[in-house]
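Peer 1: how would this look folded up:
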Amino acid sequence: MLKRTPFHDINVSLGAKMVPFAGFEMPVQYPTGITAEHNAVRQKCGLFDVSHMGEFLITGPQAIDFVNYVTTNNVAALEVGQVHYSGILNDRGTFEDDCLVYRFADHVMMVVNASNKDKDFAHISTQVSKFNCKLEDISDSIALLALQGPDAQKILEPLTDVALDPIGYYHFSTGTVAGCKDIIVSRTGYTGEDGFELYFDAKHAVAIWNALMAKGNVTPVGLGCRDSLRLEMGMALYGNDIDDTVTPLEANLQWLVKMKKGDFVGKPALEKQKAAGIPKKLVGFTIAEKSFPRHGYKVFVNGTPSGEVRSGTMSPSCGIAIGTAYVPTAHAKPGNTLEVEIRDKRLTGTIVELPFYKNATHR
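Peer 2: Below you'll find the predicted structure:
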C-alpha cells in the first residue's frame, strides 16, 4: 500500500500525474508539463510537495557527537540555525545515503531520502548505544514544502513573521507562516535557485499550501522537473550519481568529508582509498548532437567500457544534452571526451566543469 503525503488530495485535484515513488504516491508533473514547471522555477517560483523525505530527531547530551560519528561533515562546526549537506557511509566508505543536518539549540535533525529512510534509520541505530542520546524517526508527522525560484522570498515574506533577508544560504529559523506556528523556514533547496524549504506539523498542510498558492505567481511543480533542475546544478541523486558502490572521494564530494574532525563511520576505508589512489571520478558531460543520454546507457572512454550514464537529460535551461558518468581518474579533466551508446550509436560527449547551468539565483 503506497503512502500518501498530506498534500495528496490537493495534488489530485490539480490534475497531477501521480506515480509510485519511494513508497509514496507522488506528483511527477502537473498539466502544465515538466518543461514549463522547470522554467517556472528558474524564472519565477515553483512549489514542490516533498513530504516523502525522512526526518530523524536526535536529542540528548551527546546528540552532536552521535551525528558527527554517523555522518561525514563536521556537525560540531555548525552554528545554531545552520544546516549542512553530508554523507552517511558504511564501513567500506561508500554511501548509504546523503543527507542534510540541522543544528538547533537543544537537538539535531537529519533529513534523509525517502527511499532510504528505513535503511538509514536501522544503519545509524546500531551506533546509538555508544552515545548518550535518543534517536527518533519523526517523518510521518512532518510535512515538507519547497518554495523555489527567484521570487520565493517575495512570495513568502508577507506570510511570515520570520525575517527572511538575514537567513543566509544553508541557514534556517523558526516562526509563523500563514498563521501556523513553529514552522522551520530553511534557505535550502535542490534546484540551485533561491528558495525555502518549510518543515511543519502535517496538520497545517492545507493552510500553508493554500496561502502560498494564493499569491498567484506560484506554479505547482513535480518530481520530474526537480530532477532536471538538480542535474543542471550538478547536484547528486542517490541511486543515480551516488550509491553504495562509490565513495565521496570518487563522487567529487570530498568537500563534505572532514577527515580531521575525529573518528566517523567509513573513515578508515577513505584513508585507505586516498593512500592507494582514487580509481574513478564522477564527471559531467555534454553532447552537442541532439540526444537524450538516459540513466543506464553504456559509456566508453577511449573505446573501453566505463560504466554507464548515472544521470542524464536534455537540459531545458542549457538547450543541450547533459549527463554524469564515472570515468578513470586520469581522464576526468574538462575537455576530454567520452562516448555514450544511444540506440546502438556511440555519440561523443565532452567532459565539462559543473554546474551545467551557471545563472542560478541561490545565495
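
Peer 1: count of residues packed around Ala77?
Peer 2: 12 (other CB atoms under 10 Å). Using the backbone N, CA and C atoms, a C-beta is placed for each residue, glycine as well.

Peer 1: can you read off the pLDDT for it?
Peer 2: pLDDT recorded at Ala77 is 98.

Peer 1: again, but for Lys215
Peer 2: 79.

Peer 1: then Arg363?
Peer 2: pLDDT, read off for Arg363, is 74.

Peer 1: equivalent analysis for Ala22, please.
Peer 2: For Ala22, pLDDT reads 94.

Peer 1: before we move on, what about the one 5 residues further on?
Peer 2: The model reports Pro27 with a pLDDT of 98.

Peer 1: and the next element down the chain from the helix or strand where it lies?
Peer 2: Using DSSP states H and E, Pro27 sits in strand 24-29. Counting by DSSP H and E, the next helix or strand C-terminal to strand 24-29 is helix 34-43.

Peer 1: in its sheet, what does the strand holding Pro27 sit against?
Peer 2: strand 3-4 (parallel), strand 17-21 (antiparallel) (DSSP bridges).

Peer 1: what's the spacing between Ser115 and Val221?
Peer 2: 20 Å (CB to CB, to the nearest Å).

Peer 1: okay, those two: which has more neighbours?
Peer 2: The residue with more neighbours, out of Ser115 and Val221, is Val221; 29 against 17, by other CB under 10 Å.

Peer 1: OK, contacts around that one?
Peer 2: By CB atoms under 8 Å, 6 or more residues apart in numbering, Val221 lies in contact with 30, 37-38, 40-41, 46-48, 148.

Peer 1: and of those, the nearest to Ser141?
Peer 2: Set against Ser141, the nearest of those by CB to CB is Phe48 (19.4 Å).

Peer 1: helix/strand/coil for that closest one?
Peer 2: strand (DSSP: H, G, I helix; E, B strand; the rest coil).

Peer 1: name the nearest residue to it, ignoring sequence neighbours.
Peer 2: Nearest non-adjacent residue to Phe48, counting by CB to CB, 6 or more residues apart in numbering: Ala146, 4.1 Å away.

Peer 1: just to revisit the earlier point, redo the contacts of Val221 as TSV? Include distance to Lys345.
Peer 2: Output for those, formatted as TSV (distance: CB to CB, whole Å):
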residue	distance to Lys345
Tyr30	34
Glu37	31
His38	27
Ala40	34
Val41	33
Gly46	35
Leu47	40
Phe48	36
Gln148	36
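
Peer 1: of those, which is the nearest to Ser311?
Peer 2: Using CB to CB, the contacts of Val221 come closest to Ser311 at His38, 14.9 Å.

Peer 1: next up, the contacts around the closest one.
Peer 2: Applying CB under 8 Å, 6+ apart, the residues contacting His38 are 221, 225, 228-229, 316-317.

Peer 1: filter those down to just the ones in helices.
Peer 2: 225, 228-229 (DSSP state H).

Peer 1: adding mean neighbour count and distance to Asn210, write the strands paired with strand 24-29 out as a markdown table.
Peer 2: As requested, these are exported to a markdown table (neighbours: other CB atoms under 10 Å; distance: least, CB to CB, whole Å):
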| stretch | mean neighbour count | distance to Asn210 |
| --- | --- | --- |
| strand 3-4 | 16 | 18 |
| strand 17-21 | 15 | 20 |
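
Peer 1: got CSV for the ones you listed, with distance to Asn302 too?
Peer 2: Output for those, formatted as CSV (distance: least, CB to CB, whole Å):
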stretch, distance to Asn302
strand 3-4, 46
strand 17-21, 37
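
Peer 1: just the buried positions in stretch 201-210, please.
Peer 2: 204-205, 208-209 (16 or more other CB atoms under 10 Å).

Peer 1: next: stretch 323-333.
Peer 2: Neighbour-count burial for stretch 323-333 [16+ other CB under 10 Å]: 323-327, 331-332.

Peer 1: next helix or strand past the helix or strand containing Val108?
Peer 2: Assigned by DSSP H and E, Val108 belongs to strand 107-112. Where DSSP H and E defines the elements, the next helix or strand beyond strand 107-112 is helix 117-125.

Peer 1: if we can go back for a sec, quick one: which of the strands paired with strand 24-29 is nearest Phe104?
Peer 2: strand 3-4 (26.5 Å).

Peer 1: need the mean per-residue confidence for the closest one.
Peer 2: 96.

Peer 1: ok, stretch 231-244 next?
Peer 2: So the average pLDDT for stretch 231-244 ends up being 98.

Peer 1: quick revisit: next, the angle helix 117-125 makes with the strand holding Val108.
Peer 2: 130 degrees (axes from the mean of the first three to the mean of the last three CA atoms, to 10 degrees).
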